[in-house]
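Asks: Predicted coordinates and the sequence they were generated for:
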Amino acid sequence: MSQSINHSRRNLFRRKKFDAQRPPWIKTDIEFTDECTRCNACIDACETKVLVKGDGGFPEIKFTEDECTFCQQCATVCKEPIFDLTQTQPWSIKAVVNDTCLTYKGVWCQSCKDACDPGAISFKMAVGQIPKPIVDIDACTGCGACVSPCPAVSISINESKSSE
């Protein structure tokens with residue numbers, strides 16, 4: 001019994017597995033929550049207000065209203081050594097369309113494609129069927145522009161599963 005109590009206490013202080021989308025250009029070799037002071041400078045500087053105060057007061061990205069324009073304001077106002085603007089990619093997150101997409105229910109919709117400036121979302125035509133979305137992982141920037149226009153809330157921006 002005391003072993004399970006000790007195990008429970010250890011879990012109380014154990015970090016939650018990373019599941020929040022952090023700002024772009026975060027250094028890959030750091031633990032974000034160890035370096036971020038939760039000062040909100042990046043949140044206040046975000047031009048599209050997609051950076052919000054998340055779990056524990058740490059900044060995270062929410063694409064429910066807008067997209068990330070990669071303006072770099074979050075990185076330039078931060079006084080902590082957590083950003084690296086020399087990285088070739090701002091992050092490794094990409095758009096994923098799930099099976100609640102209206103096209104899988106026979107409804108013609110291409111709102112995600114219309115919102116995607118990089119052209120990473122296309123639709124595959126098929127005889128006798130509604131075209132289905134295809135995300136070009138290489139072209140997707142993870143900006144989240146496709147998320148808020150989706151009427152079925154069928155798009156999420158997740159860590160890329162592809163090898164990079």
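Replies: In hand now; what should we look at? Predicted, not measured: the structure shown is a model, and the values here were computed from it.
Asks: Now for the closest residue to Phe63 other than its chain neighbours, how many residues are close by?
Replies: Here the nearest residue to Phe63 in space, its sequence neighbours aside, is Gly144; by Cβ to Cβ, 6 or more residues apart in numbering that works out to 3.2 Å. In short, each C-beta sits where N, CA and C put it, glycine included. Applying the criterion other Cβ atoms under 10 Å, we find 24 residues in the vicinity of Gly144.
Asks: any idea how far Gly144 lies from Gly128?
Replies: Here the criterion is Cβ to Cβ, to the nearest Å. By it, Gly144 lies 33 Å from Gly128.
Asks: which residues does the residue nearest to Phe63 contact?
Replies: For Gly144, the set of contacting residues under the criterion of Cβ atoms under 8 Å, 6 or more residues apart in numbering consists of Val50, Ile61, Phe63, Asp66, Glu67, Cys68, Ala95, Ile157.
Asks: Among those residues, which ones are in helices?
Replies: Residues of the contacts of Gly144 located in helices (DSSP state H): none.
Asks: for the residues you listed, which one is nearest Asp138?
Replies: Ala95 (12.1 Å; Cβ to Cβ).
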